[in-house]
Structure formats: C-alpha cells, structure tokens
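**Q** Below are the sequence and a predicted model for it; my questions follow.
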Amino acid sequence: MSEPVSQPVTDTDTDTDTSADTSVDRTAGAAIVHQLEALGVRRAYGVPGESYLEVLDALHDSPVEFVVCRQEGGAGFMALAEARLTGVPGAVLVTRGPGAANAAIAVHTAWQDATPLVLLVGLVPVADRDRESFQEFSLTGWFGSTAKRVLTVETADRAAEQVAEAFAVAGSGRPGPVVVGLPEDVLVQRTARPLAPVRPVAAGAVSAGQLASLGALLAEARRPLVVVGGDRWSAAASRTLTDWAERTGLPLATDWRSQDLVDHASPAYVGWLGYGRDPVLADALDRADLLLFVGGGYGDVLSGGYTGGDPDAVTVVVDPDPELRGHHRRVDLHLLADPSAFATALAGSAPTGAPRAAGEPDPDWTKRLRAAQRRFSTPGSTTSSDPGHGVDLEVAMGLLAERLAPDAVITYGAGNHALWAQRFLAHHHVGTLLAPRNGAMGFGVPAAVAASLTYPGRQVVSVAGDGCFLMNGQELATAAAYGASPVILVADNGQYGTIRQHQERAHPGRVSGTGLVNPDFGALARSYGGYGERVSRTADLAPALDRALGAGRAAVLHLDIDPAQLEPRPPA
C-alpha cells in the first residue's frame, strides 16, 4: 500500500503554545476562538447568527477560517467530512432554535457514524431563559439522546475549558458529537483565564497476553473473517493490518461505507458488508467460524438486520469503547484499543503464521472470496448493451474509475445511486471515502465541498441522486465562494429510487409519493458560476467526464437515467 498524499492527524497535532497565554484579557467569545486555534482547528463551518456575534468578531482576526454555508445541515455535513479527513473533530457554528434544528441531522449522523463533531450553538441570554424568548429551546432536551455530552457555558472563565473538554470527549473512545451552548450575554463577558491545555486522546493498548489469546483463537479457526470499520484510522494502521492479513492469509472485509480502510488492490481485500453487498460475502459472514472486528462491531446494516453471521462464531472486537456501543453479539475477547494501537501491537509482536485448526482448515477460503470480490466490483463493457433510455450507470462508473487518481476523494449521500459508486469505484488510501453510515440524504455535495477545501490539489468526485442532490445543492454557492472544485455526477431518474424499490416489493404497481420533477442540474451549476452539462446518452459520457474533470472549478454532470434502472446488474 503506497503512502497517501496526506493522512489523518489527531487533535494533538498543533504547534500552538498556550503556556505563555496567562494574562490575556478577552471576551468569552474570543477565548472560545483562541481555544479552537490551540486545538488545531483549521476551518469552522456555519451559518451566522446574532446569538454568537462575539465569536464571529473574534474569527475576523483568527487563522481559523469561518466557511459561511447556506444551510446549517450543509455546514454540519462539511464539518463531518473534514473530521473524517483530518482526524480533528469538526467544528460547526449555528444559532439558536431554527439554526440548531437544521444542524440536528449532522449530530445524528455523527452519533451513528461515530465521527467526532463539536456543534457550538448560540443561545438566548441567561436572563431570558424559560420565558419563551425569541428562538429559545432546550439544548439538552433536543440533543441529550444523540450526543456524547451536552454542555452550556455559564461563565466566561470556563468558556475555553469547556470547548477543550468538548473536543476531547468528541474524539475519545467511540467518537461522536458534543454540543456546546453559548449564551449570548455570557459571550460578551470578559475573562483573563488562560486557555486550557490540549487533552490527548487515549489510544488504548494491547498486551502480549491478549495477542497470544488472539493468536490461539485464530489458530483454531477454519474460516476466519476480519471486518474493519469505524473512525480513528491512519494510513499506517491500515497498511500494517493489511500486511498482517496478507502474511497470515486472513480475508479482510470492510463495514458499510468504510471501503477506504483497505487497499482494494490487496489480495487480502474481499469486499464490503452492508446494503448492496456481494451475496458471496454475505454467505461468508454466515459461514465464518471466527469474526475479528477492528474499529467497529456487529451491527444492523453490516449483518442485514442482525440476521447474518453464525451466532456461535467466536467473536473478537478491537475497539477503544469499553461499552462497545453498536456491537450486538457475543464477545469472546475485547481488546480495548483503537486501530492504530492494535496495528502497533501487531507490528511489534503479531500472531504469526497462517490460521490453523485442529480439524482441516479451508485452504482456499481467502482466495475464493477475493475472486468473488473481483467479479462483483468489475463493471461490464464501457459501452451500454441496455436497450433502456438514458445513461447506463454501470458503464458510467467504469468510465469514471478509469479517470480517477489513486488518492481521489469520493463522496455520496443516501439512495440507490450510491449502489453503483460503492460497488464499482475502488479505494487505495485511507480518507478517500466520505459517505453517511446512517443513510442521511444530502451528505454528498457538502462533503465534496469540504474535501475540496481540505485538499485543494486532489480530485474530489461526488455521485448524487436527484433527490439527494437537491437536499443540499445550495452548497454549490459555498463552493463558488471559496474556490472548491468538486465534480458532481447527478443521476436523475425522476424519483426517490430507494423508496420506489421498496414500494414495488411491498405494493406492486401502486407507486405513491416517490415521483420528482427536477431542474436542469447542469444549468443550475452554471448559474452558480460552475461548469454544467447534461448527458442523456451513454455514448456521450466519456468526453463529458473529461470536460468536467478538467474544468478547474465546481462542475455538475446531469445524467438522465432510465427510471427502471434501480440497482446494478448481478455479476456475470
């Protein structure tokens, strides 16, 4: 696995020295911004509000760039995307009431996806609480069940400290969202309290005894399967785990929308589990007699609604969360470590040799799964044989794959359009896939904008559905404002395709509530100052892709799709 252009960093990767910051007199709003600087935050995303004017004023002179977005949901998704790319918890700034409500989708996504996010919410003045004042709401009541912690800054002296605490909690254990309330009148109060020191995030560790126990379990397995997922991965951790799997003959699968955690060129990589998965790999999950989860666990989507997998299979979980939230199955061995700590242990004293069993092991287990994965992920001919109308998405993904750089960042939201992208687009580096594991529509476009801002020299391509695109398509304005240049392919079939598919199964011939009427997405892109083009025939797609990828600015290709093209064809 070659070294990527960049790799995730942690919130301790900052050159800011807070030790001399002992006698600065500033507002609480300024202290919050200075603490963000000390925490290594490069960008904060948000929509401005009068409830946090002091924070906005401090950002005026700050190296932290405030990216002004067009809707709080889009801002939250951008912050989530940057968190996954850099390892630093994403920072979002929104105002009270309606602003916080719009941002709730990002909090839910961060919670279910285990991504570190800090949502800073301007609040009504303390003196106006509990009076049904303008845009007042209950911060804890709204977010208490979908955030790791909900904090409110009550005094200026604790403002920086509580922001530092929020970032530490968001990134520790099983990462997730933390919400911090900023009362308007507290933000203008002054404080001379120094900034809080940056709290390191514990990585956990694996003892020699635990490694020996893992080795013994692997030695007894006939059909082991390693499943990797979650956050807190680095390029080095991925490379070490992949090398270990290749040496020992272990098959490496990934959780849903975690496909970038293993180089797809590795002979150990056997595909991904979740919606749209290869039936061969689903069968392998059922047949495996040992499951080793690294960075995640046995959950709903991975297992097809908690139905996949042998309940008697030996189960090992490597996860820094002592509660193992999201894992619902037996646990024979729990290694309390993040993927990097586990990889370090493997590199230093890894279980050696191929898995062996008291009975006869399956010698071709990994090779068969690898061959099936290759068949499943290889698109057919680059010319369509489908007599239907519009662009053939399988051909489109094949043409796109030929043009992608090895470190290109791929994003998509939720919907059937993603089935083609996740099946046919390969990944070779950690941090090259941004997609919501909670199935949130509207994620792909803002994630692509954030990726382009984070890594302006890299290809960023988003595959969107017509329904998904229009949920946050307004963030093309943000792309234009800040010079982001993602290329977005919009698959337009004039419907909410996933729901239509379920509808046809449950109520055949009774389509209801899933039809859409769409604009010309290419013309919409041009109206924002980007490149836009509409493609209605497969034969016209290749040159259109070249024009969009070479545009040097945000580009949208509007692909007309046959409404009957609801999912990819079965592998040949």
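**A** That came through, no problem. Keep in mind that this is a model prediction, so the values were computed, not measured. Numbering: from 1, shown residues only.
**Q** Where do the helices of the stretch 51-200 of the chain begin and end?
**A** 53-59, 72-86, 98-113, 139-143, 159-171, 184-187 (DSSP state H, counting those that start in this stretch).
**Q** Can you tell me which of these is packed in deepest?
**A** Most buried of the helices of the stretch 51-200 of the chain, by mean neighbour count (mean count of other CB atoms under 10 Å): helix 72-86, with a mean of 29. The C-beta positions use only the backbone N, C-alpha and C, and glycine is treated the same way.
**Q** now the angle between helix 98-113 and that helix, please.
**A** On the basis of axes from the mean of the first three to the mean of the last three CA atoms, to 10 degrees, helix 72-86 is oriented at 40 degrees to helix 98-113.
**Q** For helix 72-86, which helices and strands make contact with it?
**A** In this structure, helix 72-86 packs against strand 43-46, strand 90-94, helix 98-113, strand 117-123, strand 433-434, helix 444-454, helix 466-472, with contacts taken as 3 or more CB pairs under 8 Å, 6 or more residues apart in numbering; DSSP states H and E.
**Q** can I get those in JSON lines with distance to residue 263 and mean pLDDT?
**A** Output for the helices and strands packed on helix 72-86, formatted as JSON lines (distance: least, CB to CB, whole Å; pLDDT from 0 to 100):
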{"stretch": "strand 43-46", "distance to residue 263": "28", "mean pLDDT": "98"}
{"stretch": "strand 90-94", "distance to residue 263": "26", "mean pLDDT": "98"}
{"stretch": "helix 98-113", "distance to residue 263": "22", "mean pLDDT": "96"}
{"stretch": "strand 117-123", "distance to residue 263": "27", "mean pLDDT": "97"}
{"stretch": "strand 433-434", "distance to residue 263": "13", "mean pLDDT": "97"}
{"stretch": "helix 444-454", "distance to residue 263": "19", "mean pLDDT": "98"}
{"stretch": "helix 466-472", "distance to residue 263": "28", "mean pLDDT": "93"}
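**Q** would you turn the ones you listed into JSON lines with distance to residue 168?
**A** Converted to JSON lines, the helices and strands packed on helix 72-86 look like this (distance: least, CB to CB, whole Å):
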{"stretch": "strand 43-46", "distance to residue 168": "17"}
{"stretch": "strand 90-94", "distance to residue 168": "14"}
{"stretch": "helix 98-113", "distance to residue 168": "15"}
{"stretch": "strand 117-123", "distance to residue 168": "10"}
{"stretch": "strand 433-434", "distance to residue 168": "24"}
{"stretch": "helix 444-454", "distance to residue 168": "22"}
{"stretch": "helix 466-472", "distance to residue 168": "30"}
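**Q** Minimum distance to residue 224: which of the ones you listed has it?
**A** Closest to residue 224 of the helices and strands packed on helix 72-86 is strand 433-434 (CB to CB; 24.9 Å).
**Q** What strands line up against that closest one, and which way round?
**A** strand 409-412 (parallel) (DSSP bridges).
**Q** Please save the CA atoms from the strand it pairs with in CSV.
**A** What follows is strand 409-412, C-alpha atoms only, in CSV (Å, rounded to 0.1, in the frame of the first residue of the first chain):
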residue,chain,number,x,y,z
VAL,A,409,-11.8,11.5,-2.6
ILE,A,410,-15.2,10.0,-3.5
THR,A,411,-18.4,11.2,-1.7
TYR,A,412,-22.0,10.2,-1.9
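**Q** got a list of contacts for that strand?
**A** 81, 85, 404, 418, 421-422, 425, 427, 431-435, 443-445, 447-448, 451, 455, 458-464, 468, 486 (CB atoms under 8 Å, 6 or more residues apart in numbering).
**Q** One more pass at 7 Å, please.
**A** Contacts to strand 409-412, defined as CB atoms under 7 Å, 6 or more residues apart in numbering, come from residues 418, 421, 425, 432-435, 444, 447-448, 451, 455, 458, 460-464.
**Q** Now which of those would you call buried?
**A** By neighbour count, with 16 or more other CB atoms under 10 Å, the contacts of strand 409-412 hold 418, 421, 425, 432-435, 444, 447-448, 451, 455, 458, 460-464 as buried.
**Q** which stretches of this protein have low pLDDT?
**A** Within the chain, the stretches with pLDDT under 70 are 1-23, 350-361, 381-388, 494-495, 497.
**Q** my guess is residue 310 contacts residue 286, does it?
**A** Yes. Contact criterion CB atoms under 7 Å: residue 310 and residue 286 qualify, at 6.2 Å.
**Q** which SS state does residue 342 fall under?
**A** helix (DSSP: H, G, I helix; E, B strand; the rest coil).
**Q** Disregarding residues adjacent in the polypeptide, which is nearest to it?
**A** residue 318 (4.8 Å; CB to CB, 6 or more residues apart in numbering).
**Q** repeat for residue 418
**A** Nearest to residue 418 is residue 412, by CB to CB, 6+ apart, at 4.4 Å.
**Q** before we move on, what about residue 399?
**A** residue 542 (5.3 Å).
**Q** hang on, that neighbour in a helix?
**A** Yes. Judged by three-state DSSP, residue 542 forms part of a helix.
**Q** can you give me the helices in the stretch 201-350 of the chain?
**A** 208-219, 235-248, 279-287, 339-349.
**Q** Save the ones you listed as JSON lines, and put in mean neighbour count too.
**A** JSON lines is the format used below for the helices of the stretch 201-350 of the chain (neighbours: other CB atoms under 10 Å):
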{"stretch": "helix 208-219", "mean neighbour count": "16"}
{"stretch": "helix 235-248", "mean neighbour count": "21"}
{"stretch": "helix 279-287", "mean neighbour count": "17"}
{"stretch": "helix 339-349", "mean neighbour count": "20"}
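**Q** among those helices, which is nearest residue 121?
**A** helix 339-349 (31.4 Å).
**Q** still on that earlier bit, among the helices of the stretch 201-350 of the chain, which comes closest to residue 133?
**A** helix 339-349 (45.9 Å).
**Q** Just want the angle from the closest one to helix 208-219.
**A** Here helix 339-349 runs at an angle of 90 degrees relative to helix 208-219 (the same axes, to 10 degrees).
**Q** Going by neighbour count, which residues in the following helix or strand past helix 339-349 are buried?
**A** The helix or strand immediately downstream of helix 339-349 is helix 365-377, counting by DSSP states H and E. Under the neighbour-count criterion of 16+ other CB under 10 Å, helix 365-377 has 365, 366, 369, 370, 372, 373, 376, 377 buried.
**Q** Likewise for stretch 406-416?
**A** Result for stretch 406-416 [16+ other CB under 10 Å]: buried residues 407, 408, 409, 410, 411, 412, 413, 414, 415, 416.
**Q** Then stretch 192-200?
**A** Going by neighbour count (16+ other CB under 10 Å), the buried part of stretch 192-200 is 193, 194, 195, 196, 198, 199.
**Q** Who are the contact partners of the fourth one?
**A** Right, residue 196. By CB under 7 Å, 6+ apart, the contact set of residue 196 is 35, 160, 161, 164.
**Q** For residue 214, which of the helices of the stretch 51-200 of the chain is the nearest?
**A** helix 159-171 (26.1 Å).
**Q** which one of the buried residues of stretch 192-200 sits closest to residue 215?
**A** residue 199 (34.2 Å).
**Q** Sounds good, over and out.
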